[in-house]
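A.B. asks: Here is a sequence with its predicted model. Questions after.
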Amino acid sequence: MISRREILLSGGAGMALMLAGWPAMAAKGAYPVTHSEAEWRSLLEPAQFAVLREAATERPFTSPLLHEKRTGTFDCAGCGQAVFSSKTKFESGTGWPSFWEPLADDVVATGTDRSYGMVRTEALCSRCGGHLGHVFKDGPKPTGLRYCINGLALAFTPAVG
Ligand code: FE
């Protein structure tokens, strides 16, 4: 028979696994741009902090960037690194800004996210370790990838001219 105490303990272990599954937190100091938690809280809006630094997911169909059709770049809202181009943005129907490829090979890092009982590929900014979203293998050609990105993690910069 399982005691109440054991149930509580297993809940705690589940929480520990969730945290262990987030490489951005484990790899503190491994990114070119680092800040303390207090600094990040002062730099970011609370909702941006929840996404970028705590891997929260914004509610679908809430980001103004879903409807951003101009030419330009989508930059990490944490550090300003350009991470996606408007050229690879597509309408996925999921309610989150979606791209089939990062702007360059080295701007989006990936990790394994085992939170919420799922195994997903996490997409992180390579410069500050900020959580951007996840990568799925049901995207369009030519990559077949779908970078499902929180609009709160991005800032759009229109192309000049
Ligand atoms: Fe960043």
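C.D. replies: Yes, it's here. Numbers count the residues shown, from 1 in each chain.
A.B. asks: what sits against residue 149?
C.D. replies: By CB atoms under 8 Å, 6 or more residues apart in numbering, residue 149 lies in contact with 74, 84, 96, 97, 98, 99, 123, 132, 133. C-betas here are computed from N, CA, C, even on glycine.
A.B. asks: Kindly report the same for residue 33.
C.D. replies: For residue 33, the contacting residues are 78, 79, 127, 128, 129, taking CB under 8 Å, 6+ apart as the criterion.
A.B. asks: helix, strand or coil for the first one?
C.D. replies: Reducing the assignment at residue 78 to three states with DSSP: H, G, I helix; E, B strand; the rest coil gives coil.
A.B. asks: mind checking how far it is from residue 105?
C.D. replies: 20 Å (CB to CB, to the nearest Å).
A.B. asks: between the two, who's got more neighbours?
C.D. replies: Set side by side, residue 78 and residue 105 give different neighbour counts by other CB atoms under 10 Å, the larger being at residue 78 (27 against 8).
A.B. asks: Report the spatially nearest residue to that one, omitting neighbours in sequence.
C.D. replies: residue 130 (3.8 Å; CB to CB, 6 or more residues apart in numbering).
A.B. asks: Also residue 101?
C.D. replies: Once flanking residues are discounted, residue 101 sits nearest to residue 88: 4.6 Å by CB to CB, 6+ apart.
A.B. asks: Relative to residue 159, which of the contacts of residue 149 is nearest.
C.D. replies: Top of the list for closeness to residue 159, among the contacts of residue 149 and by CB to CB, is residue 74 at 11.8 Å.
A.B. asks: The closest one against residue 97, yeah?
C.D. replies: Yes - using CB atoms under 8 Å, residue 74 is in contact with residue 97, at 7.2 Å.
A.B. asks: between the two, which one's more packed in?
C.D. replies: Of the pair residue 74 and residue 97, residue 97 is the one with more neighbours under other CB under 10 Å, namely 29 against 26.
A.B. asks: List, one by one, the residues from this protein near the ion.
C.D. replies: Among all residues of the chain, those adjacent to the ion (criterion: CB under 5 Å from the ion) are 76, 78, 79, 81, 125, 127, 128, 130.
A.B. asks: quick one: the third one from residue 68, how far?
C.D. replies: Between residue 79 and residue 68 the computed distance is 20 Å (CB to CB).
A.B. asks: what does the second one give?
C.D. replies: Between residue 78 and residue 68 the distance is 19 Å, computed by CB to CB.
A.B. asks: what do you get for residue 130?
C.D. replies: Relative to residue 68, and taking CB to CB, residue 130 is found at 19 Å.
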